[in-house]
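Chemist: Next comes the sequence, and after it the predicted model I'd like to discuss.
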Amino acid sequence: MKKVLFILLTAGILFSCNKDDDNIPREEVIEKNITLKKTENYEYDLGSFGFEEGAWIQTQAKHFEISEVERDINFNQIIYRYKPALGYIGKDYVEIKTGRGSDGASPSTEIEIIKITFNVTE
């Protein structure tokens with residue numbers, strides 16, 4: 001009887017530890033180098049997100065007219081938009097963080113950091 005009880009307790013502890021490991025966030029870093037003319041706009045489709053998931057600018061660009069993360073009307077597709085400041089030529093940088101995998105009650109488990117370096121040319 002003691003052996004059966006010991007096996008059941010050990011199995012219960014092992015299963016509860018495995019469940020906690022599933023909630024450890026995974027973080028992926030994506031780096032992009034974009035060259036665009038000073039008059040061009042840039043859009044990056046971040047993909048579809050659930051209502052409790054999202055994306056936000058973690059490090060804002062410095063030389064922009066437009067630098068924003070926007071959800072579409074149906075609240076599922078998120079797009080990042082960038083337009084360099086009027087007349088600006090040079091490098092700019094933005095960092096966007098996304099979170100997916102939330103069940104609505106717990107934090108996101110799939111994190112992406114998108115690092116975009118813009119080379120704005122004549």
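Modeler: Cool, the structure landed.
Chemist: CA atoms for contacts and neighbours, from now on please.
Modeler: OK.
Chemist: I'd guessed Tyr82 sits against Glu43; true?
Modeler: Yes: in terms of C-alpha atoms under 8 Å, Tyr82 counts as a neighbour of Glu43; the distance is 6.5 Å.
Chemist: Can you give me the distance of the nearest residue in space to Glu53 that is not next to it in sequence to Glu65?
Modeler: Nearest non-adjacent residue to Glu53, counting by C-alpha to C-alpha, 6 or more residues apart in numbering: Arg100, 5.2 Å away. According to C-alpha to C-alpha, to the nearest Å, Arg100 and Glu65 sit 29 Å apart.
Chemist: Looking at those two, which is more packed in?
Modeler: Legend: neighbour count by other C-alpha atoms under 10 Å for Arg100 and Glu65, higher for Arg100 (20 against 14).
Chemist: so who does the more buried one touch?
Modeler: Contact analysis of Arg100 by C-alpha atoms under 8 Å, 6 or more residues apart in numbering lists Phe49, Gly50, Glu53, Gly54, Ser108, Thr109, Glu110, Ile111.
Chemist: Please narrow the residues you listed to those residing in strands.
Modeler: Gly54, Glu110, Ile111 (DSSP state E).
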